[in-house]
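Q: got a predicted model here, sequence first, then my questions.
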Amino acid sequence: MPRYCAYIVIVFASLALGQVDVSVYESDGTTPFNDHPIMAGTKLVLVVSSDNNDMWSGGLYIDGNDRALGTLSARDYDANTRNYTGSHLEDAGLLAKVTGWKDSSICGFELFNFYPVDGNSEPNSAQSGNWFIIDYEANEPGECHVGFYDYSISWEDPNYYIVFTQVQSRDFNNDGQVDFEDYARLALNWGRTDCNDPNWCGSTDLNWDGNVNFVDLAGFTEFWLWPGISGDTNSPPPDSNEPNEPNEPNEPNESPVDPNIALRLVDINDNNEITIDVNESITLYLRLTTTEQGHLTAFDTDVIISDPNLGSIDNRQYIGSDSNTWNNSTARLLAEPRSDYYDYAGPGYAQTEGIYLSAVNWFADINDGNLASFVFTCQGEGDVILSLEDYSGMYPKLESIIIHQVLPSQQMMMSGGGSSMTLQGESSYSVSSTLESFDAAGVIDWLEEIRKTDPNISQSIPEDEWNEFIESIGNSAEIY
């Protein structure tokens, strides 16, 4: 089932100033939800609170066709008492109760607190504060109405509705983040005109018109770097017997591998097993090889050192486009074609001693060859393996490099095999002399032209948000 996004509008019915009300929070239950768009599938928290200690009863319900759009759930069901004990909070008192209600037209939860059973009103079992907590999750597109009932006012009509307007997700790989992986999937389907139900080109056809075009790009940018699904610490752990979700990029043994795309770590001579002297430095390369069926529009890759005590990578931060952010980094992003506005190299994600490399192209496949380079320094005798972790969502074949690190006297004694090399004639900081810089300004101008000429974009996305999107892409790797 596809995932969706939501925002909230509260529509108030006519009622006197109430003493019991509902607040909406992010899934942590403490961060106020300020009417911003959210990914559906993300859980929000509804908190019922009061400024008095009176006995009270009410409920939260979804009725009619809206029941397919969203789900209410309560916490910690006790079958003996038929009470969701985790959904009434301390201020509701020891005698509070939350019970489920479901019939042919409505489903939700009834909420109660009571005076002590001996009839004494002092002290009341309830105190002013937060009384009840109910979780909400959006399921499908449409407007889902959650009714809040105060039974002292009406048993049949809600005091007001909380209305979630839900649209299709931009989190195409369902990992809880709108980032390069999702962009890669959009770019892979760019220009297609054959999208149809139920897949809609991997959900990248956001408006379901059969095409992946500027309209979908505009919709995607609205949620760029959206944090997606907030962590739900109250959900039970997954059943260990259930299979892993497909396409999990951080589970390489479970992920599919595209045999048509290969990312390799090599030296300048395309070797992936080399011998170097202790204290020597060498420039290594991330190299792309594809078949006729292989297509790569973005790479999002971490280099991991098997033993950081034996070697180090110069991973000082480098961000493309702005020379002030190079910080003397020896890393280079060499992929073509691309806009260097989106380049990033810096400390690793899976391992901070490693290096994280990413770049993207909007409209065409990245050419085979060296995508990036960085400098590795041998710091001790022994073997080191540099391996790859890929976050692009393209699932290429990944090939490591083995570095045999020896004392200089050992290197001289070794015969000249294909796996050994010296650094004579090569600068550790060299890059291809034939590299031509891609016109980053041209891509930015193109994005600005889209905004000027496409009324759907200019009317739906404020200019400051569009500019923030353009600027944030270049810094997006910092979220990892």
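A: Thanks, I have it. Numbers count the residues shown, from 1 in each chain.
Q: isn't Gly354 right up against Thr301?
A: No. Using CB atoms under 8 Å, Gly354 is not in contact with Thr301, being 10.0 Å away. The way it works is simple: take the backbone N, C-alpha and C, and place the C-beta from them, glycine included.
Q: now Glu181, what's its secondary structure?
A: With DSSP: H, G, I helix; E, B strand; the rest coil as the basis, Glu181 sits in helix.
Q: tell me the pLDDT of it.
A: pLDDT, Glu181: 77.
Q: over to Thr330?
A: For Thr330, the predicted pLDDT is 87.
Q: now stretch 52-69: average pLDDT?
A: The model assigns stretch 52-69 a mean pLDDT of 91.
Q: any low-confidence regions in the stretch 151-300 of the chain?
A: Counting by pLDDT under 70, the stretch 151-300 of the chain contains low-confidence residues at 227-255.
Q: which residues of it fall in strands?
A: 160-168, 258-266, 273-277, 281-290, 298-305 (DSSP state E, counting those that start in this stretch).
Q: redo those as CSV? Include distance to Thr204 and mean neighbour count.
A: Output for those, formatted as CSV (distance: least, CB to CB, whole Å; neighbours: other CB atoms under 10 Å):
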stretch, distance to Thr204, mean neighbour count
strand 160-168, 10, 20
strand 258-266, 17, 19
strand 273-277, 40, 20
strand 281-290, 21, 20
strand 298-305, 14, 24
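Q: distance to Leu407 for these - can I get that in a markdown table?
A: Shown next, in a markdown table, are the strands of the stretch 151-300 of the chain (distance: least, CB to CB, whole Å):
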| stretch | distance to Leu407 |
| --- | --- |
| strand 160-168 | 60 |
| strand 258-266 | 24 |
| strand 273-277 | 7 |
| strand 281-290 | 16 |
| strand 298-305 | 20 |
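Q: can you report phi and psi for Glu381?
A: phi -80, psi 140 (degrees, to the nearest 10).
Q: quick check: the residue most central in space within the chain vs Gly393, distance?
A: In the chain, the centroid-proximal residue (CA atoms, centre = their mean) is Gln177; its distance is 1.2 Å. According to CB to CB, to the nearest Å, Gln177 stands 11 Å off from Gly393.
Q: my read: Met68 touches Glu140, true?
A: I think there's a mix-up here, since residue 68 is Ala and not Met. Yes. When contacts are counted by CB under 8 Å, Ala68 is listed as touching Glu140 (6.0 Å).
Q: which one's more surrounded, the two?
A: Glu140 (15 against 12; other CB atoms under 10 Å).
Q: could you report the neighbour count for Pro158?
A: Pro158 has 22 nearby residues by other CB under 10 Å.
Q: which ones are touching it?
A: Pro158 makes contacts with Ala13, Tyr61, Gly147, Phe148, Tyr149, as judged by CB atoms under 8 Å, 6 or more residues apart in numbering.
Q: what's the closest non-adjacent residue to it?
A: In space, and not counting its chain neighbours, Pro158 is closest to Gly147: 3.3 Å by CB to CB, 6 or more residues apart in numbering.
Q: element containing the one you found, please.
A: strand 142-150 (DSSP states H and E).
Q: how about that strand: buried residues?
A: Of all the residues in strand 142-150, those buried under the rule 16 or more other CB atoms under 10 Å are Gly142, Cys144, His145, Val146, Gly147, Phe148, Tyr149, Asp150.
Q: packing partners of it?
A: With contacts taken as 3 or more CB pairs under 8 Å, 6 or more residues apart in numbering; DSSP states H and E, strand 142-150 sits against strand 56-63, strand 70-73, strand 160-168.
Q: for Asp103, find the nearest of the ones you listed.
A: strand 56-63 (9.5 Å; CB to CB).
Q: who does Phe109 bridge with?
A: Beta-bridge pairing for Phe109 (DSSP bridges): Leu60, Gly100.
Q: shift numbering so it begins at 626
A: Sounds good: first residue 626 from here, last item Phe734.
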